[in-house]
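[1] Give the three-dimensional model of this entry:
(2 chains)
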Amino acid sequence: MADTEPRTADAPGEHPEPVVERRVPNAGVQPGGHEREFTVKARTQRQMVVARFLQHKAAVVSLVVLILLIVLSLIGGRLWKYGYAELTPEFSEGPSWDHPFGTDGIGHDAFAQVLRGAQKSVQVALVVALLSTAFGTMVGALAGFYRGWVDAVLMRITDLFLVVPSIALFALLGRRVSTGGGTAWLLIALIIAAVFWMSIARVVRGVFLSLREKEFVEAARALGASNTRIITKHLLPNAVGPIIVNATIAVAVAILVETALSYLGLGIKPPDTSLGLLVAQGQQAASTRPWLFYFPGLFIILIALCVNFLGDGLRDAFDPTQQRVRA
Amino acid sequence: MIGEPVLSVEDLTVDFPTQDGSVHAVRGVTYDLHPGEVLGIVGESGSGKSVSSLAVMGLLPKTAKTAGSITFKGAEILGRKPRDLNTIRGSQLAMIFQDPMTSLDPVYTVGWQVAEAVRAHNDISKKAAMDRAVQLLELVGIPNARDRASNYPHEFSGGMRQRAVIAIAMANDPDVIIADEPTTALDVTVQAQVLEVLKKAREETGAAMVLITHDLGVVAGVADKVLVMYAGRPVEIGTVDDVFYRPRMPYTVGLLGSLPRLDADGVNRLRPITGAPPSLINLPPGCPFAPRCPMSRERCEQEEPELRLVEGSDHLAACHFAEELAAASNEFELFAPVSTDGVLTEDVADEEAVS
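    Now for the predicted structure:
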């Protein structure tokens, strides 16, 4: 009570003038006559793409998680006290401080194995995504832009690859993988990329077919732009949405296909390991020693999910019309 | 005008082969464009205005068959390879497209695109190109050009986009600007502003201009010379005043008569051209306008009139009876006015055919 009294007495003096002052209407225009409506700073193309990407929270989180995962699998694997092929005296133990992900029946440390597997799986997935996207985009772009006989030849080749039964191809080429040594994973990546580029090629071709008829392409031509410039500077950036979506799908598919191959015994062979192989080996033990099955499975889901969000964010970042709010 | 024409089109023909036969889109267009001059090309949709200009830019689809000659600064450019044309296109010969909504690349900022046009034909740094781009945007009347340069096309209004397109066309001080219906996609108030910007662009670059439009008002306001096209052929060509005040081809008379006039007293009904233009695949012999022409006689059905100098005027027209039109007391009463019966459907359709 004693508190309120001096306050009410003080009130008129507390905010005397500024409220009225701020309502003066010429706040927008300076007396000099210079317009000050737009006070946003001009930014470069790259700055805006980065700004839009940073707005996509899920994508930023995914990027951080993915980078952490990759760093962990690359460096963590070396620093961890057990090697992935090392046998420890503890058999079939559940998760503990000593073995965070437990051990398998012959004493492998599951944590070391999951890290090694994640490293291999990510390697395979990234190479597949890179190769199949680059190659598929190139084929699709040329076919869609030039049409005519170029289109006919490239698309028939694409069709030819589509009808090759991939499992048979894996079975045939996969046998050589076991003798491939340290580069075995690269061979697997090449095989998966070889059966996956067609869908990207077809999507990009379709996008290019519609984009090449747009008036801005004609305008670019009227400005003296060459075909190469039109393809690389105008058509590809406009097609980046579908391309990125396909690339992220490729990453997810590559991990899953590699998993399937390892499961069938056609992929990466022990003592080396991959997430797919770990899941396959742990599958029989899913009910009795669940840690062997769930931890690598969790990693697969985590990686695929991160890559998908990342792709989503990238697509939005490269599409200026996606976000109405100025990033 | 005296001196060498900067762009000279002679007997240009363009055919498009289709399954139903060859479409004769342009049949013998001839004109000279002198430095600093503005030529208006008018005609209804499908009369070959745009196709003849695309031929000049070398932007026709590969299937198109062209003949005749297009000389730019004395050098033949018709049928040249795109690679050779790229040194001329954009730098000396620029084009403004009809639809500003789609003629800018949606994934680049407006400033980047203007800078690209500058860099395409000048060896300057990115920063200098961007400064020049901002300068150009200011010139075409974009407020706060430096800030707006980092906006994307979708953040611009239609009129502003067309200004940006004009800035791109101006980027390299071209000698000829071809504007293909630059105001068609814009509303009337913005049209006037864009025409003003076009005028500024010409003053700034000293370029000659080919202005393709179906808006006779635009031609009257901007052009020095006018070329009227019908069914792929030029049917009348001359100075704007001469053609507008003394039309010597019934089609031009019809075009002018189908516009409302502010300077006429009393009630004046519009005088539309009835019917529709002929198919360009199987053109019957004779004057293509004959079926719609109130003056047509037997001769018109058999013999296509040549473009010729009409006696008693200073311009060319393609009509057998141009002199007769000159003798008429008021050539603008040639076409019958809209009937007062209130039957609008047919007339409305014709109005649309004109625009």
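[2] what's around A:Ser262, how many residues?
    Using other Cβ atoms under 10 Å in any protein chain shown, A:Ser262 has 27 other residues around it. For every residue, glycine as well, the C-beta is placed using N, CA and C.
[3] any idea whether it is helix, strand or coil?
    The three-state assignment at A:Ser262 reads helix, by DSSP: H, G, I helix; E, B strand; the rest coil.
[4] got the residues of the stretch 101-250 of chain B near chain A?
    B:102-109, B:111-112, B:116-117, B:120-121, B:143-144, B:146-150, B:152, B:154, B:165, B:168 (Cβ under 8 Å from any Cβ of the partner chain).
[5] residues contacting residue 254?
    This is for chain A. Contacts for A:Ala254 were tallied using Cβ atoms under 8 Å, 6 or more residues apart in numbering or on different chains; they are A:Val124, A:Ala125, A:Val128, A:Ala129, A:Ala189, A:Ile192, A:Ala193, A:Phe196.
[6] meant chain B, my bad for not saying
    B:Gly254 makes contact with B:Arg271, B:Pro272, B:Ile273, B:Arg292, B:Leu334, B:Phe335, according to Cβ under 8 Å, 6+ apart.
[7] longest helix anywhere in the chain?
    Answering for chain A, as no chain was given. helix A:110-146 (DSSP state H).
[8] meant chain B actually
    The longest helix of chain B (DSSP H) is helix B:188-205.
[9] next one: the next helix or strand after that helix to chain centre, how far?
    Sequence order places strand B:208-212 as the next helix or strand after helix B:188-205, per DSSP states H and E. Using Cα atoms, centre = their mean, to the nearest Å, the mean C-alpha position of strand B:208-212 is found 7 Å from that of the whole chain.
[10] Do a quick rundown of the strands in chain B.
    According to DSSP state E, chain B carries its strands in the segments B:7-18, B:21-33, B:38-42, B:65-72, B:75-76, B:93-96, B:176-180, B:208-212, B:225-230, B:233-239, B:308-309, B:316-317.
[11] Could you report the neighbour count for whichever residue of the stretch 201-350 of chain B sits closest to chain A?
    Using Cβ to the nearest Cβ, B:Val210 is the residue of the stretch 201-350 of chain B that sits closest to chain A, at 12.9 Å. Residues lying near B:Val210 (other Cβ under 10 Å) number 25.
[12] Run through the bridge partners of the residue lying closest to it once chain neighbours are set aside.
    In this structure, B:Val210 finds its nearest non-sequential neighbour in B:Ile178, 4.6 Å apart by Cβ to Cβ, 6 or more residues apart in numbering or on different chains. Under DSSP bridges, the beta-bridge partners of B:Ile178 are B:Met95, B:Val210.
[13] Can you report how many residues neighbour B:Ile178?
    Residues lying near B:Ile178 (other Cβ under 10 Å) number 30.
[14] Check the one 5 residues further on too.
    B:Thr183 has 24 neighbouring residues, counting by other Cβ under 10 Å.
[15] Give me the pLDDT value at the residue lying closest to it once chain neighbours are set aside.
    Nearest non-adjacent residue to B:Thr183, counting by Cβ to Cβ, 6+ apart: B:Gln191, 4.1 Å away. pLDDT recorded at B:Gln191 is 84.
[16] Run through the stretch 1-150 of chain A and note the low-pLDDT ranges.
    A:1-44, A:92, A:94, A:105 (pLDDT under 70).
[17] Helices along that one, start to end?
    If DSSP state H, counting those that start in this stretch is used as the criterion, the helices of the stretch 1-150 of chain A fall at A:4-14, A:18-21, A:45-55, A:57-71, A:77-79, A:110-146, A:148-163.
[18] do the same with the stretch 201-327 of chain A
    Secondary structure of the stretch 201-327 of chain A, counting by DSSP H, counting those that start in this stretch: helices at A:215-222, A:227-229, A:236-238, A:240-263, A:275-283, A:291-318.
[19] try the stretch 51-200 of chain B
    Going by DSSP H, counting those that start in this stretch, the stretch 51-200 of chain B shows helices at B:82-85, B:110-121, B:126-139, B:145-148, B:158-170, B:188-205.
[20] got those as a markdown table, with mean neighbour count columns?
    Formatted as a markdown table, these follow (neighbours: other Cβ atoms under 10 Å in any protein chain shown):
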| stretch | mean neighbour count |
| --- | --- |
| helix B:82-85 | 14 |
| helix B:110-121 | 24 |
| helix B:126-139 | 19 |
| helix B:145-148 | 20 |
| helix B:158-170 | 26 |
| helix B:188-205 | 17 |
